[in-house]
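Undergrad: Any chance you could fold what I've pasted below:
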Amino acid sequence: MEYISTRNKNLQLGFKEIFLQGLAPDGGLFISKNIKKYSNNELNKMAKLNYIDLAKEIVSNFCEKDLHGKELEDIIKKSYSNFSVKNVVNIKKIGKFSLVELFHGPTLAFKDIAMQPIGNIYDEFNKSNNKKINVIVATSGDTGSAAISALNGKANLNVFVLHPDKKISNIQRRLMTTVESKNVFNIALKGNFDDCQKIVKDMFIDQEFRKKINMSGVNSINWARIIFQIVYYFFVGLKFLNKPINFSVPTGNFGDVYSGYVSKKMGLPIKKLIVATNENDILSRVINSGQYKPTKTKPSISPSMDIQVASNFERLLYDVVGQDDNKVKLLMDKLKNEGGYSLNKEELNKIKSDFCSSTVSDELTKQTLKNVYEQYQLLIDPHTATAFKAAELNSSDEEMLILSTAHPCKFSETVHQATGIEPKIPENIKNILNKKESYITLDNNLGAIKNYILERTKEI
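TA: Predicted structure coming up:
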């Protein structure tokens, strides 16, 4: 499998190279040059596989030259050995919908499903390399804790996590800041997630700095995140092969729902991918109107989606403009210099053939939390609630699968306010409430962040 950049399709790299680099040198995102499409006969055979075997089958398509049979299988088995359900995800029938619980990993969010194997892949690739890797992560709440859980204590590796100060939940923050590990550094940035993400991207683009610290990244810009998320789309989707299916996905950075798009390209019979946004609705606006223009980020009760620059949309954009890397670069330059870009009617119709989108306000999110509890005696988190409401707004004859991306206890205050019920905190993380936190608060300044990192990576 060869990989190219969305801004340079002449670039040809292998999986190991793009895994360690994270972001392409030109600022583009890596994508696979070819996508395997499964036949109906192959899909029927795959439907009989357990999660581990299915993961091995799907992921091997993307890294066969760098991670082989048993080597890949061992990584996958090890990665999911600490999940609380046997097959990694859990499916519940909720009225006419199917709720897909993706939060049974160590940090109670869907990010664990991709991040745990990524941590073990770093171990595998580091076996013959004594040079320390510095992983830089921006988080809107869940990615950071998942990255720390996967990477803390790893040999020859540091992880620096930037989160927006006072804009994530108490549990989300504590899952990061109470980890006692010498290779973990938490930074509370005086800004929003988009500010955190921009700083990380700027560091990737700075080739001198990037090489100096041997920088890598595990945000959803890393293609490995995408391929491990494809697996759960297949795992649940293959249970409904007799008819087309829709997925409703709460998303801010577009990585999760883009994995569903790749799943469709690989042959999974998905009719529509429903993009659920909160009032930070850039994805809803571009899908419905073709206008990609970030506005000011609004704080919400679904903070992991408080994003106005959805990085992974560039991967879809590459297909939408006919895989014209020069046009992608032109549009991304317009975004940077003019604050946005517009898609033409043909390009917009291409998006609408696979996606639809609804914006769900905080008020509607709270009402949905309450309704789901009263009707089904089930607590869900506010991000899942946006997807549930979007599913209702876009209901059809197809089977509707709603991705539930986080445990409700991570947003207990919001859930309690809406339902009157306090979500129970699982025993394995209760201790974080009493542990000492460790993090530094820094200004939204690229130079200050670079200096902080450089001071802690002098041996590179």
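Undergrad: show me what contacts residue 83?
TA: By C-beta atoms under 8 Å, 6 or more residues apart in numbering, the residues touching residue 83 are 104, 105, 106, 112. Quick note: C-beta positions are derived from backbone N, CA and C, even for glycine.
Undergrad: buried subset of the residues you listed?
TA: Buried members of the contacts of residue 83, counted by 16 or more other C-beta atoms under 10 Å: 104, 105, 106, 112.
Undergrad: Below-threshold pLDDT in the chain: ranges please.
TA: 128, 459-460 (pLDDT under 70).
Undergrad: Let's have the buried ones among the contacts of residue 83 in TSV, adding distance to residue 378 and secondary structure.
TA: Shown next, in TSV, are the buried ones among the contacts of residue 83 (distance: C-beta to C-beta, whole Å; DSSP: H, G, I helix; E, B strand; the rest coil):
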residue	distance to residue 378	secondary structure
104	15	coil
105	20	coil
106	23	coil
112	21	helix
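Undergrad: Pull the most distant pair out of the residues you listed.
TA: Of all pairs drawn from the buried ones among the contacts of residue 83, the widest gap by C-beta to C-beta lies between 104 and 106 and measures 9.2 Å.
Undergrad: Can you point out the helix or strand that includes residue 221?
TA: Counting by DSSP states H and E, there is no helix or strand that carries residue 221.
Undergrad: Out of the buried ones among the contacts of residue 83, which is nearest to residue 244?
TA: For those, the minimum distance to residue 244 (C-beta to C-beta) is 27.2 Å, reached by residue 104.
Undergrad: neighbours around residue 248, how many?
TA: If you count neighbours by other C-beta atoms under 10 Å, residue 248 ends up with 31.
Undergrad: Could I get the contacting residues of it?
TA: With C-beta under 8 Å, 6+ apart, residue 248 has these contacts: 274, 276, 387, 388, 390, 391, 394, 400, 401, 402, 403.
Undergrad: same thing with residue 197?
TA: Per C-beta under 8 Å, 6+ apart, neighbours of residue 197: 138, 219, 253, 307, 309, 311.
Undergrad: Mind doing that once more with 7 Å?
TA: 138, 309, 311 (C-beta atoms under 7 Å, 6 or more residues apart in numbering).
Undergrad: Narrow these to those in strands?
TA: Among the contacts of residue 197, DSSP state E puts residue 138 in strands.
Undergrad: Can you add neighbour count and distance to residue 123 and give the contacts of residue 197 back as JSON lines?
TA: As requested, the contacts of residue 197 are exported to JSON lines (neighbours: other C-beta atoms under 10 Å; distance: C-beta to C-beta, whole Å):
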{"residue": "138", "neighbour count": "27", "distance to residue 123": "23"}
{"residue": "309", "neighbour count": "18", "distance to residue 123": "32"}
{"residue": "311", "neighbour count": "23", "distance to residue 123": "26"}
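Undergrad: Return the member of the contacts of residue 197 nearest to residue 424.
TA: Nearest to residue 424 among the contacts of residue 197, with distances taken as C-beta to C-beta, is residue 138, at 30.1 Å.
Undergrad: check which helix or strand covers the residue lying closest to that closest one once chain neighbours are set aside.
TA: Leaving aside its sequence neighbours, residue 138 sits nearest to residue 196 (C-beta to C-beta, 6 or more residues apart in numbering; 3.8 Å). For residue 196, the element it lies in under DSSP H and E is helix 193-205.
Undergrad: After that helix, which helix or strand is next? Please name it.
TA: Following helix 193-205 in sequence order, the next helix or strand is helix 207-213 (DSSP H and E).
Undergrad: What about the nearest residue to residue 310 once chain neighbours are set aside? Give its phi and psi, please.
TA: Closest residue to residue 310 in three dimensions, ignoring its sequence neighbours and counting by C-beta to C-beta, 6+ apart: residue 254, at 4.2 Å. In terms of degrees, to the nearest 10, the main-chain angles of residue 254 are phi 70, psi 0.
Undergrad: Name the residues that touch the helix or strand containing residue 389?
TA: Under the criterion of DSSP H and E, residue 389 resides in helix 382-393. Residues outside helix 382-393 that contact it (C-beta under 7 Å, 6+ apart) are 97, 248-250, 274, 276, 278, 301-302, 304-305, 358, 360, 364-365, 368-369, 372, 380, 400, 402-406, 411, 414.
Undergrad: and if you look at stretch 208-217?
TA: In contact with stretch 208-217 (C-beta under 7 Å, 6+ apart) are residues 20, 22-23, 131-137, 200, 203-204, 450, 453, 457, 460.
Undergrad: Give me the buried entries from the residues you listed.
TA: Buried members of those, scored by 16+ other C-beta under 10 Å, are 20, 22-23, 132-137, 200, 203-204, 450, 453, 457, 460.
Undergrad: follow-up on the earlier one: continuing past the helix holding residue 389, what's the next helix or strand?
TA: According to DSSP H and E, the helix or strand after helix 382-393 is strand 399-404.
Undergrad: in the stretch 51-200 of the chain, which spans are strands?
TA: Assigned by DSSP state E, counting those that start in this stretch, the stretch 51-200 of the chain shows strands spanning 90-94, 97-101, 133-138, 157-164, 184-189.
Undergrad: can you list those in CSV and add distance to residue 223?
TA: Formatted as CSV, the strands of the stretch 51-200 of the chain follow (distance: least, C-beta to C-beta, whole Å):
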stretch, distance to residue 223
strand 90-94, 27
strand 97-101, 22
strand 133-138, 15
strand 157-164, 19
strand 184-189, 24
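Undergrad: Mind checking those strands for the one nearest to residue 331?
TA: Judged by C-beta to C-beta, the one of these that comes nearest to residue 331 is strand 133-138, at 22.2 Å.
Undergrad: same for the closest one, what does it pack against?
TA: helix 143-151, strand 157-164, helix 193-205, strand 215-216 (3 or more C-beta pairs under 7 Å, 6 or more residues apart in numbering; DSSP states H and E).
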